[in-house]
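S.K.: give me the fold of what follows.
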Amino acid sequence: MSCLFSYTSRVWRRKPALIGLVVLVLIFLTTVYKSTDKQESESIYAERLVRVHKKLQQVNENNFDPVKFIPSVQGNAEKSNNFVQDSGQGRVHKAIYGDEAKPNFPIINSHQQYQAVVDDNVEYDRDDNVPVNHQNEGQRVPVYFPQGQNQQVPWEFGEKVESGRLSGQRMSQNSGETTTMPLYIPPQRIVHLDLKGAPPSITYLKKVLTMSQGLGATGVLVEWEDMFPWSGRLSSVAAKNHYTKAEVNDLLKTCQELGLDVIPLVQTFGHMEFVLKHKEFSYLRDVEEMPESICPCHNDTMGVVREIVDQVMAVHKKAKYLHIGCDEVFHLGECSQCLGNGRTSIFIDHVTRVAQYVKNTYKVTPIIWDDMLRNFIVEEMQPLANLVEPMVWVYAEDVERFVPSYTWDRYNQVFDYFWTASAFKGAHGETLVVPDVQRHLNNNLNWLALMAQEEPRIRGGFRGIVLTGWQRYDHFAVLCELLPAAIPSLAVNLVATTNGFFNESLEKPLFKSLGCVQQSGRYSSSIDLENDNFLWDKLSWCYFPGTNFFKVTKNLVTAEVEVGDFLRKVEKKKGWLTEYNRRHNMSSPFRIDEGLEDWSRFQHEVVSLMRNANSALSEMFDHYTVSEWIEQKLYPMYSKLSHIRNEADGLRRVKYWPSRPYEPLEALKGLGIGVPQTQETAAVKKSTQSKSSKFIEQENFV
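M.R.: Have a look, this model is predicted:
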């Protein structure tokens, strides 16, 4: 014991050295810990960046490298796009736009022509590899200009989009300088007609298609849904106001005369509410309570799908493509027949069965929406190679954020040809009445930039772009922007996609196609989408198909603001027509009259707007659609104004008022509020409060 004590005392006398040794050990341990933590953080970040698929987590890590960039594929000059008949197709149509169209940049229409311009040998990020056009160095593609000759043009003659690029413009990553590239024009510009639940008249659709063809449209994607004249077993699926077969044939004949290719769209997987909502087909739902998706493993499913395809293709005899949907399959593999199978294999197997039936029976190429494929790895998509062509859809302004380069890397290993889909309406809000032209133009121009960037790596190329125009977000949703209200947006975006850019040099043919009186001083200045993003100010005096309804939407938005402000003032800001006043029949008749002095004006404005909407919509729609739109958009204002008037009249009839206080609401009494306190309840409450105070004091002390 004495030896141990002696040894300890000698060590303690050297305590500076001992302390130094301990510090060194602590530093060493801290360094090792931080290094390990950093490696783990980088690993987690890498997984998020690459979006490791569920299959990657199942492989043997020793034999698999999950992060592997895919070399680009050289374009084959001998392969030609089926739609490109000559080198001039897809260029600015001088017959339509004349010599005034001035993009100031070379124009391309296929990946073969673009391949000669861009040497695309970079594996992943090619922004630094864009060549500079020295003849036009320093110039930018003017997208659109603000009004006023002396007004400064924002972003140097270009509308800045969310991704920070313009069509025909590229920013250098290193220097931040702007370089230029050829404009891209898709070989096909397809207009989407969403007809479900609200059919425009065939006469009106003919006018729209004629105008669209004149602005550069080459085809139409028709989604009939419940507006198709279904027969036989499917007769109950058709809406009561569906088109007749004669009307369908009439529309298809008009498309043929205009030279527009028709691509029919049928739902075969998701978005099958129009079929599965009916009792006789409910047993095919993937989830019993949810009519969105069909059970792909049920023995009767393919029978129903084949019947849908057969009836549509019997009418579309000249179609080269059939769009079979397959997007947003929210319920997948949850039915009893599919249990035990993987969701990915269930999806691929069903799409394969449908696509093979379409291709083998009708010798047409099936098209599918791509969103369900975005999380699939290459091996999972391989059964669809040479069987379908994906239609890649993004309706947001920042297109590349939703389909980045690594998505195309995977797609390019499976598919030869692609379609893309932008939007001219029905993409930014389920209850909107008119589309934001600025946002949709940004979406389309960003698509052109991305297509120009990606096409050199695609073996076959892009077939074209579809300008979608959704009328409802799904079968059960209310109406969003109707086609007549979106004609200006459709026209602007068709001009942009047909020419590869949009600026004031294209406005004259645009105004002409929309029936604008160009002698008017209103059209001497350029379109200003910064301050007139719905084009109400610029185009309300034009005479395009649906002008009268387009004006109604402007008046509707104005009325919603004014009526909303009036009701908030009466019911919330002022103190005589609140819910409390109305519940207790207690208010001042004088103050009621004072608060409602503008009521008659707003009531007259709303009733007049309802009648104008009825007249304008009746030019294009049947009375069912007219009534539905007015009920959804205008009737709520009429109903609220009528309700406040009736409540006020009831209060005005009261001649005598009881003394205060007023009896508390029964609903509040049920919550223990407004109930008289007895001595016992007061004691319990006091005891509870005392215990709570002590607990809080103890917590604060700790």
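S.K.: show me the shaky parts of the stretch 601-702 of the chain.
M.R.: Within the stretch 601-702 of the chain, the ranges that satisfy pLDDT under 70 run 679-702.
S.K.: which residues of it fall in strands?
M.R.: For the stretch 601-702 of the chain, applying DSSP state E, counting those that start in this stretch gives no strands.
S.K.: past the helix or strand Asp310 falls within, which element shows up next along the chain?
M.R.: Assessed by DSSP states H and E, Asp310 sits inside helix 301-315. Next along the chain after helix 301-315, taking DSSP H and E as the criterion, comes strand 321-323.
S.K.: what comes into contact with that next one?
M.R.: For strand 321-323, the surrounding residues in contact (CB atoms under 8 Å, 6 or more residues apart in numbering) are 221, 263-266, 309, 312-313, 316, 358, 362, 364-368, 389, 391. Placement of C-beta: from N, CA and C, glycine included.
S.K.: moving C-terminal of that strand, what's the next helix or strand?
M.R.: Sequence order places helix 343-362 as the next helix or strand after strand 321-323, per DSSP H and E.
S.K.: right, and the helix or strand after that next one?
M.R.: strand 365-369.
S.K.: helices or strands up against the next helix or strand after that next one?
M.R.: For strand 365-369, the succeeding helix or strand toward the C-terminus, using DSSP H and E, is helix 378-381. With contacts defined as 3 or more CB pairs under 8 Å, 6 or more residues apart in numbering; DSSP states H and E, helix 378-381 has these neighbours: helix 343-362, helix 405-412.
S.K.: by contact count, what packs against the shortest one?
M.R.: When you say that, I think you mean helix 405-412. helix 378-381.
S.K.: tilt between the helix or strand Arg439 falls within and helix 405-412?
M.R.: Using DSSP H and E, Arg439 falls within helix 437-454. Orientation of helix 437-454 against helix 405-412 (axes from the mean of the first three to the mean of the last three CA atoms, to 10 degrees) gives an angle of 60 degrees.
S.K.: mean confidence (pLDDT) on helix 437-454, please.
M.R.: Average pLDDT, helix 437-454: 96.
S.K.: from the chain's centre, how far out does the helix holding Asp310 sit?
M.R.: From the chain centre to the centre of helix 301-315 is a distance of 28 Å (CA atoms, centre = their mean, to the nearest Å).
S.K.: where do the helices of the stretch 151-300 of the chain begin and end?
M.R.: For the stretch 151-300 of the chain, the helices defined by DSSP state H, counting those that start in this stretch occupy 202-214, 245-258, 273-276.
S.K.: which residues are contacting the host helix or strand of Ala559?
M.R.: Remark: Ala559 resides in helix 547-568, with elements defined by DSSP H and E. By CB under 8 Å, 6+ apart, the residues outside helix 547-568 that reach it are 433-434, 482, 484-485, 487-488, 515, 534, 536, 539-540, 544, 598-599, 602, 605-606, 609, 612-613, 615-617, 619-620, 633-634, 637, 640-641, 644.
S.K.: which of these are buried? Put it as a PyMOL command.
M.R.: In PyMOL, the members of those classed as buried (16 or more other CB atoms under 10 Å) are selected with the following command:
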select buried, resi 433+434+482+484+485+487+488+534+536+539+540+544+599+602+605+606+609+612+613+616+617+619+620+633+634+637+640+641+644
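S.K.: count the neighbours of Ala559 for me.
M.R.: 19 (other CB atoms under 10 Å).
S.K.: sorry, wrong one. I was asking about Ser600.
M.R.: Applying other CB under 10 Å, I find that Ser600 has 11 neighbouring residues.
S.K.: distance from the chain centre to stretch 573-582, please.
M.R.: From the chain centre to the centre of stretch 573-582 is a distance of 41 Å (CA atoms, centre = their mean).
S.K.: which residues belonging to that stretch are considered buried?
M.R.: Buried-residue list, stretch 573-582, by 16+ other CB under 10 Å: 576-577, 581-582.
S.K.: narrow the residues you listed to those in helices?
M.R.: Members of the buried residues of stretch 573-582 lying in helices (criterion: DSSP state H): 581-582.
S.K.: now distance to Gly461 and pLDDT too, for the buried residues of stretch 573-582, in CSV please.
M.R.: Formatted as CSV, these follow (distance: CB to CB, whole Å; pLDDT from 0 to 100):
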residue, distance to Gly461, pLDDT
Trp576, 69, 96
Leu577, 65, 95
Asn581, 69, 94
Arg582, 66, 95
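S.K.: so can I have CSV of the buried residues of stretch 573-582 showing distance to Tyr417?
M.R.: Below are the buried residues of stretch 573-582 laid out as CSV (distance: CB to CB, whole Å):
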residue, distance to Tyr417
Trp576, 68
Leu577, 63
Asn581, 67
Arg582, 64
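S.K.: just the closest of the buried residues of stretch 573-582 to Ile190, please.
M.R.: Leu577 (53.2 Å; CB to CB).
S.K.: just give the closest residue to that closest one, not the sequence neighbours.
M.R.: Take Leu577 and drop its neighbours on the chain: the residue closest to it by CB to CB, 6 or more residues apart in numbering is Val570, 5.1 Å away.
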